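Asker: Mind folding the following:
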Amino acid sequence: MNHRPEPPKNRDAGIGVVGAGFIVRDCHLVAYTEAAYRVVGITSRTPAKAREVAALRGVPNVYQSLEEMLDDPAIEVVDVAVPPVEQPGVIRCILGHPRRVRGILAHKPLAMTYGEAAELVQACERAGVLLQVNQNMRYDPSVRALKALLDEGRLGDPVLATIEMRAIPHWMPWARDGRSLSTFIMSIHHLDTFRFWLGDPVRVLASARPDPRTTFDHDDGINLYILEYENGARASGWDDVWSGPAREGAGSSTAVRWRFEGTEGLAVGEIGWPGWPARVPSTIDYTTTRDGGRWHRPRWPDAWFPDAFAGTMGGLLRALESGTEPDISGRDNLGTIALCEAVLAAGREHRVTRPGEGEVVGGQ
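Answerer: Purely as a prediction, here's the structure:
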């Protein structure tokens, strides 16, 4: 079973990284080193932090500003890893610089509204800059292994897919004042994964409530949602950021598990993220009607964090060398933003919604 993506043939494109938080320090740069990608330099709004991360991860250059980074002709690709409220401004700055880079890897969410995301996609297209979105759960090894089974038709027609997250995230300070908490920060991973497996749904039902542990104001802490597909398939996510009173003295039971049922087979898996910072490999077990009841349990050392981050950058590098659209292009990702909007509206307005209602998903 092929759970690893095809690597780019050319790994020499110069990468500049914007941001120096833990996701860059412990995921992006670790994965890029293991994949032999060429990171030229890093910049951050806190130069001392950029210097610290550069020294730790062997990044040769630290730029005092984004503009200084963009002035460097060695920078061909910019990896943007800043809070979502800041990302649109960073992308516009990159596009407005006199020296044009070839590609941008944007963090998820691309933007906190569909309208702004569509504007960014159009701006990159006009500028001739390839835009890839770092929806890194698509590169989790178990997620890709299931996708391979589906592409081969080994599970038959899809019937029901579920993702159950029981985890206690650390909400970053920038999450406090956003229009959405779980939907655009946590659920977006699972919604994009459902799109990767099944395509775009036609209807959405959702229910949300605040997380009792999270003290700042928010609506969508715990997220429950159902996606309905035209072919009859259903998908459901249970994104539980409360996960019981583990921090308050009870025992802990955290996991991110998924299950996919088809007319000819069943697959179940677990994503190793709750074990972070320990590397916990993701898993998949599956059985089909043609196997006489046998379970297949392939195992590998690969994990979601940090390995998936080499995949999303690799997708952009492959697109640059082949002259094609990235596999998680900005335009494709508009479908994920539209789905987030639909889940948010369904939960708040207590009604069935449709992805892209009131918006043209193509961003025109």
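Asker: Next secondary structure after the worst-scoring helix or strand of the chain on mean pLDDT?
Answerer: None of the helices or strands of the chain scores lower by mean pLDDT, DSSP states H and E than helix 22-23, at a mean of 95. Beyond helix 22-23 in the direction of the C-terminus, DSSP states H and E gives the next helix or strand as helix 29-35.
Asker: So what touches that next one?
Answerer: 7, 11, 15, 17, 39, 53, 57-59, 306-310, 313-314 (Cβ atoms under 8 Å, 6 or more residues apart in numbering). C-betas here are computed from N, CA, C, even on glycine.
Asker: Can you pick out the ones from those that are in helices?
Answerer: Among the contacts of helix 29-35, the members found in helices (DSSP state H) are 53, 57, 308-310, 313-314.
Asker: Near P301, how many other residues are there?
Answerer: 8 (other Cβ atoms under 10 Å).
Asker: what about the chain, any weak spots by pLDDT?
Answerer: Along the chain, segments meeting pLDDT under 70 span 360-364.
Asker: Tell me where it has strands.
Answerer: 14-18, 38-43, 61-63, 77-80, 103-107, 130-134, 158-166, 203-209, 222-228, 234-240, 255-262, 265-271, 283-288 (DSSP state E).
Asker: For D192, which of those is the nearest?
Answerer: strand 130-134 (8.7 Å; Cβ to Cβ).
Asker: quick one: the closest one to chain centroid distance?
Answerer: Centroid displacement of strand 130-134 relative to its chain, using Cα atoms, centre = their mean, to the nearest Å, is 11 Å.
Asker: on contacts alone, who are the packing partners of that strand?
Answerer: With contacts taken as 3 or more Cβ pairs under 8 Å, 6 or more residues apart in numbering; DSSP states H and E, strand 130-134 sits against strand 103-107, helix 114-127, helix 308-322, helix 330-349.
Asker: what about the residue located most distally from the centre of the chain, distance to I271?
Answerer: Relative to the mean C-alpha coordinate of the chain, counting by Cα atoms, centre = their mean, the farthest residue is G292 (36.2 Å). Per Cβ to Cβ, to the nearest Å, G292 is found 29 Å from I271.
Asker: likewise D140?
Answerer: 6 Å.
Asker: shared neighbours, these two?
Answerer: Common contacts of D140 and I271 (Cβ under 8 Å, 6+ apart): 282, 304.
Asker: picking up where we left off before, ok, which pair from the contacts of helix 29-35 is furthest apart?
Answerer: Using Cβ to Cβ, those reach their maximum pairwise distance at P7 and V53, which is 24.6 Å.
Asker: more crowded one of these two?
Answerer: Shown here are P7 and V53; by other Cβ under 10 Å, V53 has more neighbours (23 against 14).
Asker: isn't that one right up against A20?
Answerer: Yes - V53 lies in contact with A20 (Cβ atoms under 8 Å); the separation is 4.4 Å.
Asker: Next one: A81 from Q87, what distance?
Answerer: Distance, A81 to Q87, by Cβ to Cβ: 9 Å.
Asker: Give me the common contacts of these two.
Answerer: Here A81 and Q87 have H107 as joint contacts, going by Cβ under 8 Å, 6+ apart.
Asker: ok, how many other residues are close to G244?
Answerer: G244: 15 surrounding residues under other Cβ under 10 Å.
Asker: Now it. Nearest residue, chain neighbours left out?
Answerer: In this structure, G244 finds its nearest non-sequential neighbour in A250, 5.8 Å apart by Cβ to Cβ, 6 or more residues apart in numbering.
Asker: quick one: that neighbour and S243, what's the gap?
Answerer: A250 is 10 Å from S243, where distance means Cβ to Cβ.
Asker: same deal with H97?
Answerer: Per Cβ to Cβ, H97 is found 43 Å from S243.
Asker: Of those two, give the one with the bigger neighbour count.
Answerer: Relative neighbour count places S243 above the other of H97 and S243, with 20 against 15, counting by other Cβ under 10 Å.
Asker: Relative to H189, how far out is that one?
Answerer: Going from S243 to H189 by Cβ to Cβ gives 16 Å.
Asker: follow-up on the earlier one: overlap in contacts, V53 and A20.
Answerer: Shared contacts of V53 and A20, defined by Cβ under 8 Å, 6+ apart, are found at 42, 44.
Asker: closest one to M172 among the helices and strands packed on strand 130-134?
Answerer: With Cβ to Cβ as the criterion, M172 lies closest to strand 103-107 of the helices and strands packed on strand 130-134, at 11.9 Å.
Asker: tilt between that closest one and helix 330-349?
Answerer: Orientation of strand 103-107 against helix 330-349 (axes from the mean of the first three to the mean of the last three Cα atoms, to 10 degrees) gives an angle of 20 degrees.
Asker: Return the list of strands paired to strand 103-107, each annotated with direction.
Answerer: With DSSP bridges as the test, strand 103-107 is paired with strand 77-80 (parallel), strand 130-134 (parallel).
Asker: and the last one, C-alpha only, in CSV?
Answerer: In this case it means strand 130-134. The C-alpha coordinates for strand 130-134 follow below in CSV (Å, rounded to 0.1, in the frame of the first residue of the first chain):
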residue,chain,number,x,y,z
LEU,A,130,1.3,29.1,-7.7
LEU,A,131,-0.6,28.8,-4.5
GLN,A,132,-0.6,25.7,-2.4
VAL,A,133,-2.5,25.4,0.9
ASN,A,134,-1.0,23.5,3.8
